[in-house]
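1. Quick one, structure for this:
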Amino acid sequence: MKNFTISLYAFHLRHTLTDAPGEVATDANLLWENLVKLGEVSLLFLGLKELRSKLICYQNGEYNPKGEHGRRTEWLTDSGILDLGSLATTEGFKINANLQPFLLNDTYAADLTLSPESANISIDVPQLQHFNPNSLLPSFIQASLGQTLWIYGEVDPSERCDTLAEKFATALVAGTNLNPVEINQDKLFGSLLFEYQADNTNEPDNPAKRCHIIIVINNNQSTTIRLAEKAYDWLRNLLCYYHKILFIAHEARQRYQEARAIYSYLEKNIQEFNKLLSQPQTQLSDFKEILTEIPQKSFDYTRCLQDLQTHHTAIHTNITNYGVCLDKITAIGAGNSPKFWQDFLNNDCKKFQEQIQTDINYLSPAQDLFDRLVNTIRAIVETQQAQSDRSLERTIQVLGIGFGGGAIISGVIVQNIDKINQPLSPISLHNPPHPFYASLLLSILATLGFIGLGFLITRRR
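-> I've put the predicted structure just below:
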């Protein structure tokens, strides 16, 4: 390939809806830090190593997003495109690099482009390794929304472009466990476009771990570069919305699975609750044990449902924006654009949106059921607790009346015992009963009598 370029388009969330105004996500600067690390470890461009000093979101080498406030442009630099310098290769040519950093609403976007110093230098699969493509893979960049590796090159009309594209896609992930698969083929601005996807074997459903590859091969001297430059903002944004849509759809499925797990847990507790109701020996502690965890689980379920509703709104917004970008690209291409981009909008996006809405419809009725369960158990616990408290209160009242009355009688009797000058003798059938024993018996009988009286009084109440 001649006029060769390889570009990394990476997209990373700066902040989310849960972050307060003016705050950012805990790993908001991860994309920039990993690009700096890239400049220190594998792509030793001086400008990449000193990237922090070029970005407005850094001050004195420290991440400080306050510098972004009030800007009327998407650029994160004051000088536009950053020239990162050049590196010499063992084959005698140099590789130039530039970086375009942006803030697209809530997302950091980076376009890192590498190209030979001359457009006439031919780059084949062996020369690709001079660009260290392995360092541009998701495992190193770690962009939270995902990334796309975009290759452009020009070849002779006789070149087998599909075979060449497959070789380049394979070479990009050489030495890794990624296996690129061609998923689409079409044309963009007169050039052939090949789309590949290499899923992470550990997390095949996670789009952020996936290597998304687009290879554009110009084999007929089309004005692809000129039109691509004209449509640059729309192409960049289209990729951003594409990755956002996949990210939101994945997050929504994760939250749905979490909600299903909570649903299963609460359903088991409903069955346990019904079993307790049918048992006459059920204790107050049994209901309290269920009540200790259900409110938190019910709250978690509500949060999952709320997140799904937020995802539905977010994916609708990004689908709309994706459609706008695609319309602009199609207009620049004189009515032509890759058909699979339109198919993604018409089919995949519709499916994602409908799936989230179906999940919401499925989970919503259970929310009221769980709230009622919590309220019902609380009512039972409060009722039984109140009955227990009243029973205890009545017992205390009865004993209070009994012991109080008995104490009064005992006091009267004790006052007269000292007037009896008779030694206290042990209890025996041969000895006449001492008056003390009579007074003690009377006190006990009086106490029991007042306890009975108290029981009658409290019962009437």
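
2. Count the neighbours of residue 59 for me.
-> Residue 59: 13 surrounding residues under other CB atoms under 10 Å. C-beta coordinates here come from the backbone N, C-alpha and C atoms, glycine included.

3. Was I right to think it contacts residue 67?
-> Yes: Residue 59 lies in contact with residue 67 (CB atoms under 8 Å); the separation is 6.3 Å.

4. contacting residues around residue 356?
-> Counting by CB atoms under 8 Å, 6 or more residues apart in numbering, residue 356 touches 249, 252, 308, 311-312, 315.

5. do that again at 7 Å, thanks
-> Counting by CB atoms under 7 Å, 6 or more residues apart in numbering, residue 356 makes contact with 252, 308, 311-312, 315.

6. what about it, which helix or strand?
-> helix 349-417 (DSSP states H and E).

7. And residue 96, by the same measure?
-> Per DSSP H and E: residue 96 is located in strand 94-104.

8. Can you list the neighbours in contact with that strand?
-> Here strand 94-104 has contacts from 14, 43, 45, 48, 55, 68, 74-77, 81-89, 109-117, 130-131, 237, 240, using CB under 7 Å, 6+ apart.

9. Please apply the same query to stretch 232-249.
-> With contact meaning CB under 7 Å, 6+ apart, stretch 232-249 is reached by 9, 11, 104, 107, 109, 111, 145-146, 148, 207-208, 228, 311, 314-315, 318-319, 321-322, 325-326, 328-329, 349, 352.

10. List every C-alpha atom in it, with coordinates, as CSV.
-> Listed next in CSV are the C-alpha coordinates belonging to stretch 232-249 (Å, rounded to 0.1, in the frame of the first residue of the first chain):
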residue,chain,number,x,y,z
TYR,A,232,-13.8,14.0,9.1
ASP,A,233,-16.0,15.3,11.9
TRP,A,234,-19.0,13.2,10.8
LEU,A,235,-16.9,10.1,10.5
ARG,A,236,-15.3,10.5,13.9
ASN,A,237,-18.7,11.2,15.5
LEU,A,238,-20.2,8.3,13.7
LEU,A,239,-17.6,6.0,15.2
CYS,A,240,-18.2,7.5,18.6
TYR,A,241,-22.0,7.0,18.5
TYR,A,242,-21.4,3.5,17.1
HIS,A,243,-19.3,2.5,20.1
LYS,A,244,-21.6,4.3,22.5
ILE,A,245,-24.7,2.4,21.2
LEU,A,246,-22.9,-0.9,21.6
PHE,A,247,-21.7,0.1,25.1
ILE,A,248,-25.1,1.2,26.2
ALA,A,249,-26.7,-2.0,24.9
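
11. coming back round to it: can you pull the buried residues of the strand holding residue 96?
-> Across strand 94-104, burial judged by 16 or more other CB atoms under 10 Å covers 95-104.

12. Among those residues, which one sits closest to residue 21?
-> Nearest to residue 21 out of the buried residues of strand 94-104 is residue 103 (CB to CB; 15.5 Å).

13. Beta-bridge partners for the closest one, please?
-> The partner list for residue 103 in beta bridges (DSSP bridges) reads residue 108.

14. how does this protein divide into domains?
-> 2-230, 247-385, 389-460 (automatic domain parsing).

15. can you pull the pLDDT of residue 22?
-> We have a pLDDT of 82 for residue 22.

16. Could you report the separation of it from residue 103?
-> 14 Å (CB to CB, to the nearest Å).

17. repeat for residue 129
-> Distance of residue 129 to residue 103, computed by CB to CB: 33 Å.

18. now residue 190
-> Residue 190 is 32 Å from residue 103, by CB to CB.

19. hang on, the earlier thing: among the contacts of residue 356, which ones are in helices?
-> Using DSSP state H, 252, 308, 311-312, 315 are the members of those that sit in helices.

20. Including distance to residue 31, could these go into TSV?
-> Shown next, in TSV, are the ones in helices among the contacts of residue 356 (distance: CB to CB, whole Å):
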residue	distance to residue 31
252	23
308	27
311	22
312	27
315	22
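
21. Could you identify the most distant pair in those?
-> 308 and 315 (10.4 Å).

22. Heading C-terminal from whatever helix or strand residue 215 lives in, find the next helix or strand.
-> According to DSSP H and E, residue 215 maps onto strand 211-218. Following strand 211-218 in sequence order, the next helix or strand is helix 224-230 (DSSP H and E).

23. What are the buried residues along that following helix?
-> Result for helix 224-230 [16+ other CB under 10 Å]: buried residues 224-225, 227-228, 230.

24. Out of those residues, which comes closest to residue 36?
-> Closest to residue 36 out of the buried residues of helix 224-230 is residue 228 (27.9 Å), distances taken as CB to CB.

25. Am I right that that closest one is in contact with residue 190?
-> No: between residue 228 and residue 190 there is no contact under CB atoms under 7 Å: 10.4 Å.

26. OK, contacts around the residue lying closest to residue 15 once chain neighbours are set aside?
-> Excluding its sequence neighbours, the residue lying closest to residue 15 (CB to CB, 6 or more residues apart in numbering) is residue 24, at 4.7 Å. The contact partners of residue 24, taken as CB under 7 Å, 6+ apart, are 14-15, 65.
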